[in-house]
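Novice: here's my sequence, what's the structure:
(one chain, ligands or ions: 1)
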Amino acid sequence: MKRARVNKQKAGPVLKEALQVFCRVRPHPSHPAPTNETACLRIDPPCHIHLLPPSSVNRNVPTRELQYTFKQVFNETASQKEVFEEVALPQIKCLLAGKSSLLFTYGVTGSGKTYTMTGTLQDGGIMPRCFDAIFDSISECQAKRNTFKPDKLNGFEIIPEGEADFEGYLQSRIASAKMHKLEKKNSDPDLAQRVRDQCYALPVDPDFRYAVFITYIEIYNNSVYDLLEDIYEDNTRIRPLNSKIVREDCNHNMFVHGVNEIEVTSTDEAFEAYFYGQKRRRIAQTALNAESSRSHSVFNIRLVQAPVDERRNDIDLFKKYIIVSQLSLVDLAGSERTNRTKNTGLRLKEAGNINNSLLTLRLCLELLRENQNGGNKMIPYRESRLTHLFRNFFDGDGQVSMIICVSPLVEECEETMQVLKFAESSQEIVTTVQTPLRPANSATPGRKRTHEAYDREVEDKRARGDFRTQSLPDLLENLPDIRIVDFTNTDEFTEYRSKLERLKSHIESVRNWDFSSLRQKIVKFERDTYVAVNQSKTLEQQCQLERDRVSTLENRIQLSEREQMRLKRKLEDADNVLKKLRGDLAAKDVLIKRKTVEQEKAKEEFSNKIVQAQDKLNREVERKLKSQRAAWESEMKHQEGRIRMARQVLSNEGKMELPSYATPSRSRVPPSKSVESIPSSLKGVSVAGVKSTLFNNTPSVTALTNAPNPQFSGVNNTPRPTARKGVPVVNRRYRRSRSVDNDVWLEHRPLHEVPTNTVMQPVLPKRKSVTQLTDSKDVTEKANKYCLLTQNQDSDGDLETRLYKADVIPTAGGGAQVTFNDVEVLKQVSPSGSPTRKTPMQIRQDLEAACAQSTESFRFPHPTRSHTHVRRHQD
Ligand SMILES: Nc1ncnc2c1ncn2[C@@H]1O[C@H](COP(=O)(O)OP(=O)(O)OP(=O)(O)O)[C@@H](O)[C@H]1O
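Specialist: Modelled structure (predicted):
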């Protein structure tokens, strides 16, 4: 027995295709005409779907309307036929052309995945319609059963005609019969009830023979099980399914090792196998679906095709001519939220596994998309059996399509959003599809048609009676009997001769029959037809490619339009914000301008006020200065009068000569200050024998300033005054005691002294206090130091206490000269003074400001302080 195996699929040109995503919305379970309150989806045919999240939904879902775009969106009323023709029929065409494809349904539990994939007997889903289309197309070219045989290593062997392993087939049928006997009680659906609404006969290459194989597996809790496995150990015992492993064949294609691959020759057989597997599939009732799939089911259809040889019907035995294509129909289990399904125990574990495998699928697709956009991440296909098994498809070995099943239920809004989001982004994934090379063997292309045409021609000729003679066997049958009985009978000879001539003419006519030219004509015609068909196929492929390219571009355009819309919205938002900010800015500008104007105005008013206040202050200062000067001048005059009176008294007594008051000629101290320094207690007092020298030419005190006045710096260098005639001279032999402790002070206090109660007291260890100088001896004999205390209190209650200190120097005439050499000023500001009185600092500032403008030469007193103790020694 000669056998052949599929070793390697012959690869033709590589086409790139985007992952195709379709969306199907299932009808609302309770509202035949859903409203906005009950449905969260709105369809905008043919490609858009809008999600309208209700306001009550979770905060993870944005409240605005979201739009998603897919290759096509089917609404609630879309029929199974419509879905099949749009989604799966192109994949059947691919399958017949030798290309593989994967189609899976994805969605939340109860969203209609199984319904879309399988449907019902009356209204079949994608899977039964696929079988119908396949068998309708290959019906005339179907290989005899068991011509191909799976080799259990993902390949096929060809068993030449006559050697077909009918025994094996019989065995499998017997096993099948057995299982049916056991399971018939499980009430198989009656296939006779199945309704077919359409014949899908697609063109196939007639020079090939075709066979269809199926496998049916489930991935349950991340383990793979063969649903077509024989689990009957005898007629009564059933063992559990064994888990299978996923392996890689020599061409790096993934397959389930040891899986039962069954050849089917009709849709009914395929259905039988499907129902056989379906009974083993794990389905359970949940809160959301009465028949919820607890596993992912994979229904693989493999189409094996091999060319026929020149002798019309024998399949070519060269293994290189075999083409195997696959269509995988995957019904994924639905993603579940435990809080909605209320699953516990085993159901909860199943739900966890389902969600994990779906998560891995999503992760793989997302990473694939990222990698195709320039990323370089490892895709974790192996983390789930599901992704591991379909790695080839994702890595670029076949077309991938996905049907997103969604429910319009408001309660599922958030999950639906996740599904739509993921599906929309998956459309960016590009997969590659290899077109298999049709085997270019030595056989004449179109030979099947040639044979058929020849047969038809002969039949036609026969029917028309175009054959001028009978067929050769007829001719031979009608040959005259050539045995001559009587050689003398010329009639017999003549008849015999005429028979032979007739025979000869028949033979000649048959010989002249131009078989070769007819055959050549037919072959040429078929060749042309074949070339034309091939060309048309190529053109069709190119058209398909162009269509796909256009649809990909359309998808991209839609995506970019959406992106553009999104950006536009963003821009509009930003524009609005900008406008608002600009408005705010303009308002603030106006406010600033108004404030600036107000500020300028206030500044102007303020400076005017300052100028006015300065003027007023200047005038006030001038007025005060004037009045002060006038007061001082009158005081001075008064004092001078007194001095004159005192002088007069002295001169009248003739004993004491009072030196004339020498107005300090070079002193810059205002005269009033010197005048003021005359002790008031001396007013009207005459002391016999006492000579007084007041600030003898030298201003010893600068009472109004703390800073040393440079104009007085040269004072000490002024020549000492020479004694004038008649003026008592100081006793030159008198030596002042240098011991301070020995000084005896004559303290001259005012009669009505205001108690200062200050801690600052003059240090006068030995003193005699008097309020009036009545006896000159108090000065001349008892003291060598003189101290005069004066007090002045102004209208504000400020008290100024002055302590004039002097040396008492005996004169040659037996009197004494009192030389004032020091003054201490104690100023006490009344805390309860006039409330309108300015603080010293204010006064100083006012005066400084006023005088800075008016007079530069005038010097201001140092700010008066409470308890200011000013002391300046002459030396
Ligand atoms: N388009 C539709 N038209 C009519 N009925 C539908 C449609 N889609 C789903 N249904 C019904 O909804 C129910 C649930 O559907 P189905 O079992 O296909 O959901 P599922 O997505 O496969 O759920 P699970 O993931 O749990 O297996 C079924 O009774 C089915 O008949």
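Novice: report the residue ranges of every domain in the chain.
Specialist: As assigned by the TED database, the chain contains the domains 15-55+62-339+397-433, 447-513.
Novice: quick one: closest of those to the ligand.
Specialist: Closest approach to the ligand among these (C-beta to the nearest ligand atom): domain 15-55+62-339+397-433, 2.6 Å. The C-beta positions use only the backbone N, C-alpha and C, and glycine is treated the same way.
Novice: okay, the domains of the chain, which one's buried deepest?
Specialist: Of the domains of the chain, the one with the most neighbours on average (mean count of other C-beta atoms under 10 Å) is domain 15-55+62-339+397-433, at a mean of 19.
Novice: and the ligand, is that domain touching that?
Specialist: Yes. Using C-beta under 6 Å from any ligand atom, domain 15-55+62-339+397-433 comes into contact with the ligand via 26-27, 107, 109-115, 289, 291-293, 333-334, 405.
Novice: coming back round to it: by mean pLDDT, show me the worst of the domains of the chain.
Specialist: Lowest mean pLDDT of the domains of the chain: domain 447-513, a mean of 66.
Novice: SS state for residue 301?
Specialist: strand (DSSP: H, G, I helix; E, B strand; the rest coil).
Novice: OK, contacts around the closest residue in space to residue 66 that isn't next to it in sequence?
Specialist: Leaving aside its sequence neighbours, residue 66 sits nearest to residue 51 (C-beta to C-beta, 6 or more residues apart in numbering; 4.4 Å). Residues in contact with residue 51, defined by C-beta atoms under 8 Å, 6 or more residues apart in numbering, are 40-41, 65-68, 413, 416-417, 420.
Novice: same question for the helix ranked longest in the chain, mean pLDDT?
Specialist: Counting residues, the longest helix found in the chain (DSSP state H) is helix 515-653. Computed over helix 515-653, the mean pLDDT rounds to 86.
Novice: and the two most separated of the contacts of residue 51?
Specialist: Pairwise distances among those were taken by C-beta to C-beta; the largest, 14.8 Å, belongs to 67 and 413.
Novice: any idea how far the residue nearest to residue 66 lies from residue 64?
Specialist: Residue 51 sits 10 Å away from residue 64, going by C-beta to C-beta, to the nearest Å.
Novice: again, but for residue 495
Specialist: Residue 495 is 108 Å from residue 64, by C-beta to C-beta.
Novice: cool, residue 640 as well?
Specialist: Going from residue 640 to residue 64 by C-beta to C-beta gives 103 Å.
Novice: again, but for residue 353
Specialist: 35 Å.
Novice: residue 461 now?
Specialist: Per C-beta to C-beta, residue 461 is found 77 Å from residue 64.
Novice: quick one: what helix or strand has the closest residue to the ligand within the stretch 751-875 of the chain in it?
Specialist: Closest residue of the stretch 751-875 of the chain to the ligand, C-beta to the nearest ligand atom: residue 841 (90.4 Å). Assessed by DSSP states H and E, residue 841 sits inside helix 840-854.
Novice: what of residue 377?
Specialist: Applying DSSP H and E, one finds residue 377 in no helix or strand.
Novice: who's in contact with it?
Specialist: 367, 370-371.
Novice: buried ones from these, can you make that a ChimeraX selection?
Specialist: Buried residues within the contacts of residue 377, by 16 or more other C-beta atoms under 10 Å, are selected in ChimeraX with:
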select :367
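Novice: check the contacts of residue 377 against the ligand, which are close?
Specialist: Okay, of the contacts of residue 377, nothing touches the ligand (C-beta under 6 Å from any ligand atom).
Novice: looking at the contacts of residue 377, which are in helices?
Specialist: 367, 370-371.
Novice: please identify which of these is nearest to the ligand.
Specialist: Distance to the ligand, by C-beta to the nearest ligand atom, is smallest for residue 367 among those, at 24.8 Å.
Novice: now for residue 301: which residues touch it?
Specialist: Contacts of residue 301 by C-beta under 8 Å, 6+ apart are 95, 130-131, 134, 212-214, 270, 326-329.
Novice: also residue 49?
Specialist: Contacts of residue 49 (C-beta under 8 Å, 6+ apart): 23, 25, 41-43, 67-70, 73, 406, 420.
Novice: measure residue 266 to residue 522 for me?
Specialist: Using C-beta to C-beta, residue 266 is found at 33 Å from residue 522.
Novice: one more: residue 123?
Specialist: As judged by C-beta to C-beta, residue 123 and residue 522 stand 46 Å apart.
Novice: just the CA trace of stretch 389-405, in CSV.
Specialist: Once non-C-alpha atoms are left out, stretch 389-405 reads as follows in CSV (Å, rounded to 0.1, in the frame of the first residue of the first chain):
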residue,chain,number,x,y,z
LEU,A,389,-3.3,26.2,20.5
PHE,A,390,-3.9,29.2,18.2
ARG,A,391,-0.5,30.6,18.3
ASN,A,392,0.0,30.0,14.6
PHE,A,393,-2.9,32.1,13.7
PHE,A,394,-1.8,35.0,15.8
ASP,A,395,1.8,34.7,14.6
GLY,A,396,0.6,35.1,11.1
ASP,A,397,-0.6,31.9,9.5
GLY,A,398,-4.2,32.4,8.6
GLN,A,399,-7.0,34.9,8.6
VAL,A,400,-8.5,35.7,12.0
SER,A,401,-12.0,36.9,12.5
MET,A,402,-13.9,37.7,15.7
ILE,A,403,-17.6,38.1,16.4
ILE,A,404,-18.3,40.2,19.4
CYS,A,405,-21.6,39.3,20.9
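Novice: adjust the sequence numbering to begin at 2 for everything that follows.
Specialist: OK, 2 is where the count begins now, so the last one is stretch 390-406.
Novice: what's the neighbour count on residue 640?
Specialist: 21 (other C-beta atoms under 10 Å).
Novice: report the contact partners of residue 784.
Specialist: Residue 784 touches 745-747, 769, 809, counting by C-beta under 8 Å, 6+ apart.
Novice: how many neighbours does the nearest residue to residue 357 once chain neighbours are set aside have?
Specialist: Nearest non-adjacent residue to residue 357, counting by C-beta to C-beta, 6+ apart: residue 385, 7.0 Å away. Residue 385: 22 surrounding residues under other C-beta under 10 Å.
Novice: residues contacting residue 385?
Specialist: Residue 385 neighbours (C-beta under 8 Å, 6+ apart): 223, 357-358, 361-362.
Novice: closest to residue 200 out of those residues?
Specialist: Closest approach between the contacts of residue 385 and residue 200, by C-beta to C-beta: residue 362, at 35.5 Å.
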